[in-house]
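Enquirer: Give me a model of this one.
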Amino acid sequence: MAQRYETYKDSGVQWLGEIPSHWNTLLNGILFVEDVRKPEANDVPLSLSQVDGVIPTDEMKESSLKTSSYDNWKRVIIDDLVLNRFKAHLGVMFASSYVGMVSFHYGVFKAKMELVPKYYEYLYHTNVYRFIYADASKGMTVGLQNLSNTSFYNVRAIYPPKEEQQSIVAYLDDKCGKIDEWVNKKQKEVEYLQELKQRVIADAVTRGLNPNVTMKQTNNICLGDVPEHWQVMRYGTLFKLKPVKQHHGEELLSVFLNWGVIKAAESDKRTHAASEDLSKYQLVEPTDFVMNNQQAWRGSVGVSKLMGIISPAYHIFIMPTCFDADYANALLRSKAIVGQFEMSSRGVGSIQRTLNFNWLNNRLVPVPPLEEQKQIVAHITDKTSKIDKLISNINKEIEGIKEYKRRLISDVVTGQIKVC
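Expert: Residues are numbered from 1 along each chain as shown. Coordinates of the predicted model:
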């Protein structure tokens, strides 16, 4: 059973509850002050990652805005508390382990009292303080709410003795490090299973189910060899653009990299926002093949199971009668075909690349006998459902341990568990 402190008192902070009797609460304005320093010649650009904290901008896994000027940027030194004012409600504030410079949009605070900045990083990541900072931020729209210095300074924070802050940080660094190591291992297992799933699909849709079948060359670098009795046809011979049909009153659809054609209501509307004017949106019917013209090279395509409308920026193709729709969906989303979409696309951006249909129409598509397609679909469904179940179970384990980690951090930094 977890050890607790001998006596507790009301913290005086809404939503926080009781804290150990010998701990205090102080306004952030007493604990910290913004320190605006000019960058020095060798300072490297730093960014705030919601996952990794303060890191060199070049190491950011998430997208980061580039700049041609570092005018008005702020110098950061080790143990500064760096705050993303627009994401305080998400806990995006970290103690820096680097010397460098950050955008003027960030807040950079130094300690005014004897304290351990990493303790406050842990504290401000708790759900209680995320809620407190969300309440203190001002703005009309979620995601554009700004936490001003005044609002930050007026938040009351826990202030244990510095020696206890150090012990708490050491304890949590050790425990969280072990948890993160376990999570990373499990996430690698998920990645392996996802790759295995894609291999199962790719092998089945391009090589069939009989390992002893005679193969023939296609001379296509993406497709490789296929069973000798399969037809190999050009994309333009098989797939014809559907005449545009404008329709009202149907559900809005979208096409996503990982899910194919889904209801827009189930998607992230911030990245796939619909126009207010839906009059030119196209009708999609079940078995239509839908393609995001600028992201087909990444696999943003799919055969629809739904009736609905979709942006005029998408291409809709009639499903050929020689295809089972489920087989076609698996084939057209496989690396063998997506690789050919990529070879047929051009663009300068890292995401948007436009398909050249003159090139695409000459790409090759395998066409097995219809009955064999149905057998392949049954095989894929059986194998991938088992893999999906394993992935689901591992993801539940990961979410469970992440919730334990969140609870552990909250209990330790608020004094509900004694670790020193």
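Enquirer: just checking, residue 395 touches residue 190?
Expert: Yes: counting by C-beta atoms under 8 Å, residue 395 touches residue 190, with 6.6 Å between them. The way it works is simple: take the backbone N, C-alpha and C, and place the C-beta from them, glycine included.
Enquirer: What residues does the nearest residue to residue 217 once chain neighbours are set aside make contact with?
Expert: Distance criterion C-beta to C-beta, 6 or more residues apart in numbering; nearest residue to residue 217, sequence neighbours excluded, is residue 225 at 5.6 Å. Residues in contact with residue 225 (C-beta atoms under 8 Å, 6 or more residues apart in numbering) are 207, 215-218.
Enquirer: want to throw these into TSV with pLDDT and distance to residue 57?
Expert: Output for those, formatted as TSV (pLDDT from 0 to 100; distance: C-beta to C-beta, whole Å):
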residue	pLDDT	distance to residue 57
207	97	44
215	97	49
216	96	50
217	96	47
218	96	44
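Enquirer: Would you map the helices across this structure?
Expert: 28-31, 117-124, 127-136, 149-153, 162-207, 235-238, 325-332, 335-343, 357-360, 370-413 (DSSP state H).
Enquirer: related to what we said a few turns ago, now the two most distant members of the contacts of residue 225.
Expert: Largest separation among the contacts of residue 225 by C-beta to C-beta: 207 and 217, giving 13.0 Å.
Enquirer: Pull the number of nearby residues for the closest residue in space to residue 406 that isn't next to it in sequence.
Expert: Spatial nearest neighbour of residue 406, chain neighbours left out: residue 127 (7.1 Å); criterion: C-beta to C-beta, 6+ apart. Number of residues near residue 127 (other C-beta atoms under 10 Å) recorded here: 13.
Enquirer: how close does residue 127 get to residue 414?
Expert: According to C-beta to C-beta, to the nearest Å, residue 127 stands 11 Å off from residue 414.
Enquirer: Low-confidence ranges, the stretch 251-400 of the chain, go.
Expert: Applying pLDDT under 70 to the stretch 251-400 of the chain flags residues 267-277, 348-350.
Enquirer: ok, back up a step: among the contacts of residue 225, name the buried ones.
Expert: By neighbour count, with 16 or more other C-beta atoms under 10 Å, those hold 207, 218 as buried.
Enquirer: nearest to residue 313, of the helices of the chain?
Expert: Closest among those, once you apply C-beta to C-beta, is helix 357-360, at 14.8 Å.
Enquirer: Show residues contacting that closest one.
Expert: Contacts of helix 357-360 (C-beta under 8 Å, 6+ apart): 235-236, 340-341, 343-344.
Enquirer: again, only this time at 7 Å
Expert: Contacts to helix 357-360, defined as C-beta atoms under 7 Å, 6 or more residues apart in numbering, come from residues 235, 344.
Enquirer: Go through that helix and flag the buried ones.
Expert: For helix 357-360, by 16+ other C-beta under 10 Å, it's residue 360.
Enquirer: Ok, stretch 182-196 next?
Expert: Buried, per 16+ other C-beta under 10 Å, within stretch 182-196: 183, 193.
Enquirer: what does stretch 373-380 give?
Expert: Residues 373, 375-377, 379-380 are the ones in stretch 373-380 that count as buried (16+ other C-beta under 10 Å).
Enquirer: Could you report the neighbour count for the residue lying closest to residue 154 once chain neighbours are set aside?
Expert: Residue nearest to residue 154 in three dimensions, not counting chain neighbours: residue 27, with 6.4 Å by C-beta to C-beta, 6+ apart. Residue 27 has 14 neighbours, counted by other C-beta under 10 Å.
Enquirer: Also the one 3 residues further on?
Expert: When neighbours are defined as other C-beta under 10 Å, residue 30 has 13 of them.
Enquirer: Local confidence estimate at it?
Expert: The model reports residue 30 with a pLDDT of 97.
Enquirer: residues in contact with it?
Expert: Residue 30 makes contact with 112-113 under the criterion C-beta under 7 Å, 6+ apart.
Enquirer: gap between it and residue 351?
Expert: Taking C-beta to C-beta as the measure, residue 30 falls 46 Å from residue 351.
Enquirer: try residue 245
Expert: Residue 245 is 29 Å from residue 351, by C-beta to C-beta.
Enquirer: Check residue 79 too.
Expert: Going from residue 79 to residue 351 by C-beta to C-beta gives 37 Å.
Enquirer: How is the protein divided into domains?
Expert: 24-63+71-159, 166-208+370-420, 211-267+278-367 (automatic domain parsing).
Enquirer: And for the nearest residue to residue 17 once chain neighbours are set aside, the neighbour number?
Expert: The shortest distance from residue 17 to any non-neighbouring residue, by C-beta to C-beta, 6+ apart, is to residue 11 (6.4 Å). Residues near residue 11, counting by other C-beta under 10 Å, number 19.
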